[in-house]
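1. got a sequence here, can you model it:
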Amino acid sequence: QVQLVESGGGLVQAGGSLRLSCAASGSIFSINVMGWYRQVPGKQRELVAVISSGDSRNYADSVKGRFTISRDNAKNTVYLQMNSLKSEDTAVYYCNAKVRPPWNAKSEYEFWGQGTQVTVSS
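-> Next up, the predicted model:
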């Protein structure tokens, strides 16, 4: 089993910054893609940013130029630096990881964190 533990959410004023962290632990051979998604009540969960093990990155149009995703492969940790936050960034942010287990490096399993609340006040 794999656990994803998020931290760094909270309340911030519009224009401010927050940094989210997500550490993966457990039965891990390698992690292909790690990323962040967010969800507000009544809406579907949406992609915010993802990063591959080769450092390829993809961002939602709404956060390009404001958010930066990075990862530390040695620590199985992914980060999301969020700058110039807007009220519309308010959501629960979920960490996601696509993990290859030690017993079968050719297979891949998807795991989610418990979510961390980000609230941006205007």
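2. can you give me the neighbour number for Gly35?
-> Neighbour count for Gly35, taken as other CB atoms under 10 Å: 22. Yep, even glycine has a C-beta here, placed from its N, CA and C like the rest.
3. quick one: mean pLDDT for the host helix or strand of Ser21?
-> Here Ser21, judged by DSSP states H and E, is contained in strand 18-26. In this model, strand 18-26 has a mean pLDDT of 97.
4. burial count for Gly42?
-> Quick note: Gly42 (other CB under 10 Å) scores 5 neighbours.
5. tell me the strands in the chain, going along the chain?
-> 2-7, 10-13, 18-26, 30-39, 46-52, 57-59, 67-72, 77-82, 91-100, 109-112, 116-121 (DSSP state E).
6. listing partners with orientation, what would you give for the strand holding Ser21?
-> Here strand 18-26 is paired, per DSSP bridges, with strand 2-7 (antiparallel), strand 77-82 (antiparallel).
7. which one of those strands is the most hemmed in?
-> Per-stretch averages of neighbours, counted by mean count of other CB atoms under 10 Å, single out strand 77-82 among the strands paired with strand 18-26, with a mean of 22.
8. what sits against Gln39?
-> With contact taken as CB atoms under 8 Å, 6 or more residues apart in numbering, Gln39 is in contact with 45-46, 91-92, 94, 115.
9. at 6 Å instead, please
-> By CB atoms under 6 Å, 6 or more residues apart in numbering, Gln39 lies in contact with 45, 91-92.
10. could these be laid out in TSV, adding pLDDT?
-> Output for those, formatted as TSV (pLDDT from 0 to 100):
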residue	pLDDT
Arg45	98
Ala91	98
Val92	98
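11. what's the spacing between Asp55 and Tyr109?
-> Distance, Asp55 to Tyr109, using CB to CB, to the nearest Å: 22 Å.
12. comparing these two, which shows the higher neighbour count?
-> Counted by other CB under 10 Å, Asp55 and Tyr109 do not tie: Tyr109 has more neighbours, with 13 against 10.
13. doesn't Val99 make contact with the more buried one?
-> Yes: Tyr109 is in contact with Val99 according to CB atoms under 6 Å; the separation is 5.4 Å.
14. need the per-residue pLDDT for the residue lying farthest from the centre of the chain.
-> Here the chain reaches farthest from its C-alpha mean at Trp103, the gap being 25.6 Å by CA atoms, centre = their mean. pLDDT recorded at Trp103 is 88.
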